[in-house]
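[1] just coords:
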């Protein structure tokens, strides 16, 4: 075949595309399990961060998670456990889940070295430039926050990105999400301001007003459906 002909060039290009495509597909399939493991470990680390247990050695994250996260389950809006499958709770995609009419409400039960129990719930919302998300750990009394972890996809460094700073996250510790028996999500206010609904609050990020509002909206939107579950913790009737 004439190597200068159009037919030869078309056939040659098609064969090269096929070979390159096959090689890339093979590489993708070979690396996918490792990529999936990294994604899962990152999520485990985020959950552990809400209870301040994330190890500095990444190789120990899975072992630490399995040691302290003793249960994972899903509750409904009546506060009843509808699934005890830890993997199902772990695999809930919050980005898609919050769009559903009947959301799945995952919960991770953590037992610390002192024997105390914490319940960790995921949150997901919108910042200034993209999604924000995290995890909030509640004490077993169903009232107080034990810890919180937030992160983002593309907030502005030094401004909205400060939601990932422990200094911001530590403000949530010991804040109450119930006031006189009613669920009150945590407000995120400019320094010197207070909410008018009686809710407890933390200081917003200076220069990160929209992201701060995003955190406030995220907490209210994602934690309100857990109201019945939290009340069952308070009454000791959750099983």
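    Good, I have the coordinates. If you're wondering where the values come from, they're calculated on a predicted model, not measured in any experiment.

[2] Next, the contact list for residue 139, please.
    116, 118, 145-146 (C-beta atoms under 8 Å, 6 or more residues apart in numbering). Every residue, glycine included, has its C-beta placed from N, CA and C.

[3] give me that answer again for 6 Å
    By C-beta atoms under 6 Å, 6 or more residues apart in numbering, residue 139 lies in contact with residue 146.

[4] So in terms of bridging, what pairs with it?
    Residue 139 forms beta bridges with residue 118, as assigned by DSSP bridges.

[5] Tell me how far it lies from residue 239.
    Using C-beta to C-beta, to the nearest Å, we find residue 139 at a distance of 18 Å from residue 239.

[6] Over to residue 204?
    Noted for residue 204: a distance of 39 Å to residue 239, by C-beta to C-beta.

[7] need the helices for the protein, in chain order.
    Here the chain has its helices, by DSSP state H, at 6-49, 61-68, 86-90, 94-97, 166-169, 209-223, 227-235.

[8] Now render the ones you listed as CSV, adding distance to residue 107.
    Conversion of the helices of the chain to CSV gives the following (distance: least, C-beta to C-beta, whole Å):
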stretch, distance to residue 107
helix 6-49, 11
helix 61-68, 14
helix 86-90, 7
helix 94-97, 13
helix 166-169, 20
helix 209-223, 12
helix 227-235, 7
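
[9] Tell me which of those helices lies nearest to residue 76.
    For residue 76, the closest of those is helix 227-235, at 8.2 Å, according to C-beta to C-beta.

[10] I'd like the average pLDDT over the closest one.
    In this model, helix 227-235 carries a mean pLDDT of 98.

[11] List the buried residues for it?
    Burial within helix 227-235, assessed by neighbour count using 16 or more other C-beta atoms under 10 Å, is assigned to 227-233.
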